[in-house]
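> One predicted model, sequence on top.
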Amino acid sequence: MNQSLVAFDTDRIKDYVFASDALRDIRGASSILDQLNRVQLPGLVGADAQEAYTAGGSALFALPSDQAEAAIARVRQAYAEASGGAATITGVELPLPDGFNLQTDDIRPLWRLLGDRLAAAKSRNPPYLASVSHPLIRYDAVDDARYAAVFDQAEGTLISEVSRLKRARNRAIRSEADARREPIPESFEEIAASSRPQGYFALVVADGDGMGKVLEACRTFPEIGATARTLYEIIRETTIAATRDLKSHEFDRLILGGDDIVLAVPAQHGIPAALTLVEQFAQLSNQKLGRDLTLSAAVVWAHQRYPFAVWRELAESALRFAKREGALRTPSGGLINFLAVSSANHLAFEAFHRSVLTTHESESRRIVRTLRPYTPALLRELVRYRSDILRDVPRSKLAALNQAVFQPSYRQAMLDSLKILVHWRGERSRRAVVACVQDLGGVRERNISFPFAITRETDPEVGGERETYRTPLADLAEIWDFLPGDADAA
């Protein structure tokens, strides 16, 4: 009997999950996709199918060729019914050569071809766009891409069928949690209430580095399945470890699929959660797969009233920046970026880094007012300075140093910073703040270079070396309120 490989991949997962800014809708949408992918999809494909894996919104099967088209249709229909037509999935098939042995033959060329077909098929799926067909038709109040056609008794408003299904799933999740006596947050405000400072919380996003290449290297069908399942297990265990110290009502896993993680946690747990994600992923990958795999992460703090959609996009941009920088470094990957949102001017981290944190004084000199993104070891050192060594530094001194760092020229920044040091009370803390710049900057310069660590770096933009002035002081000021430490000195 002829066989085919059939691959599935859910379309625009984040568009569906984050169509609403309400936590209950996000949780319901995420759970619907998780149930479809992990629980229902294998049965929908059919009893004759050989499953390689189903995890993170994607799946791979081998089944009789004459059943492939019908299986793809059943899966697509199930996704549409479960989500009210909002969630879609793409499936493609690739007939196997005659006599191909799934257990032993090299599947890599077929796997690459199947991936190309899947990518081409997904590119032909246009995003859903609602069009107004009558002036009296209303849009859903929480998902403005859908028509409001269902009356929500609890809210007393009209919502779409898509939102109704999400909320129904959320109510079921809450009932199960209440039965276990593990209450979960109903809103982001409940998470912010557990934060220090109150009213803020952290959005932690993470993504594996080069995970596609890991599966592409697998030689056989069973090896692909075993590797994919192990990767999902590593991601799940890593996420559990990152939230282990939190109570059930203090956080939420907004997305946990494939190698994507999105967490909402109290503000003071943002950095610890990101550190655990990156370090635990590397450790478990080495233990379970025998490979040195990495995961990059970003933490963005904002007030609970900040628009969530903008907040998430900013977190994604910070993550992309970390992944890009990680690819340029040796060893690559496994970096952590962060940002505290203080105004609505933050739209993309790369633009913020280029226009605010970096000043090009000349072709041979630039000021970079950050060390971001950080390696886990370097970030732990920054946290140690905040929580231990510099915990008694007056906030006014830190604010003055932060202001000095943002002077337009390095000479003025040095002059202002040295003036602050001259009038600094407390020899221990004065030496410590100088050591912070030297230790984290990785150089030992005379105090006259304070507040910068000066390095010479090869820059392809100028075709040679450029003198770079870097400092961690702005980073320290940014995370100060979101990490534990003693009360500010008077």
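Cool, the structure landed.
> element containing the spatially most central residue of the chain, please.
With distances taken as C-alpha atoms, centre = their mean, residue 205 lies nearest the centre of the chain, 1.8 Å away. When elements are assigned from DSSP states H and E, residue 205 belongs to strand 200-208.
> Kindly report the same for residue 197.
Residue 197 belongs to no helix or strand, assigned by DSSP H and E.
> Give me the neighbour count for the residue nearest to it when sequence neighbours are not counted.
Counting by C-beta to C-beta, 6 or more residues apart in numbering, residue 197 lies nearest to residue 481, which is 5.8 Å off, once chain neighbours are set aside. Any C-beta I mention is one placed from the backbone N, CA and C, and that applies to glycine too. Residue 481 has 17 neighbours, counted by other C-beta atoms under 10 Å.
> Show me the shaky parts of this structure.
Under the criterion pLDDT under 70, the flagged ranges of the chain are 1, 128-137, 141, 144, 258, 343-346, 444-448, 459-463, 484-490.
> Tell me the spacing between the residue nearest to the centre of the chain and residue 377.
Noted for residue 205: a distance of 21 Å to residue 377, by C-beta to C-beta, to the nearest Å.
> same check, this time on residue 54
Distance from residue 54 to residue 377, by C-beta to C-beta: 36 Å.
> Over to residue 371?
12 Å.
> Would you confirm that the residue nearest to the centre of the chain contacts residue 295?
No: counting by C-beta atoms under 8 Å, residue 205 stays clear of residue 295, with 10.8 Å between them.
> Correct me if wrong, but residue 93 is in a strand.
Yes: Residue 93: assigned to a strand according to DSSP: H, G, I helix; E, B strand; the rest coil.
> That one: what's it in contact with?
Taking C-beta atoms under 8 Å, 6 or more residues apart in numbering, we find residue 93 in contact with 4, 5, 6, 65, 68, 69, 72.
> Name the SS class of the first one, please.
Which is residue 4. Relying on three-state DSSP, one would call residue 4 strand.
> from what I can see it touches residue 68, true?
Yes: applying C-beta under 8 Å, one finds residue 4 in contact with residue 68, separated by 4.6 Å.
> Residue 294 reaches residue 283, doesn't it?
No: using C-beta under 8 Å, residue 294 makes no contact with residue 283, being 11.1 Å away.
> Compare neighbour counts for these two and give me the winner.
residue 294 (20 against 13).
> How about the contacts made by that one?
So residue 294 contacts 208, 209, 278, 281, 282, 285, 326, 332, 333, 334 (C-beta under 8 Å, 6+ apart).
> What is the neighbour count of the fourth one?
Same thing as residue 281. Residues near residue 281, counting by other C-beta under 10 Å: 29.
> Could you pull out the strands in the stretch 251-400 of the chain for me?
252-257, 260-266, 295-303, 336-340, 358-362, 365-368 (DSSP state E, counting those that start in this stretch).
> Name the strands paired with the fifth one and say parallel or antiparallel.
According to DSSP bridges, strand 358-362 has the following sheet partners: strand 365-368 (antiparallel).
> ok, and for the partner strand, which residues are buried?
366, 367, 368 (16 or more other C-beta atoms under 10 Å).
> And stretch 103-120, by the same measure?
107, 108, 110, 111, 114, 115, 117, 118.
> Name the nearest residue to the second one, sequence neighbours excluded.
Which is residue 108. residue 219 (6.3 Å).
> Does the one you found belong to a helix, a strand or coil?
coil.
> Next, give phi and psi for it.
Dihedral pair for residue 219: phi -90, psi -30, per degrees, to the nearest 10.
> Next one: residue 72 relative to residue 52, how far apart?
16 Å.
> Those two - which one has more neighbours?
Using other C-beta under 10 Å, the more surrounded residue of residue 72 and residue 52 is residue 52, with 27 against 20.
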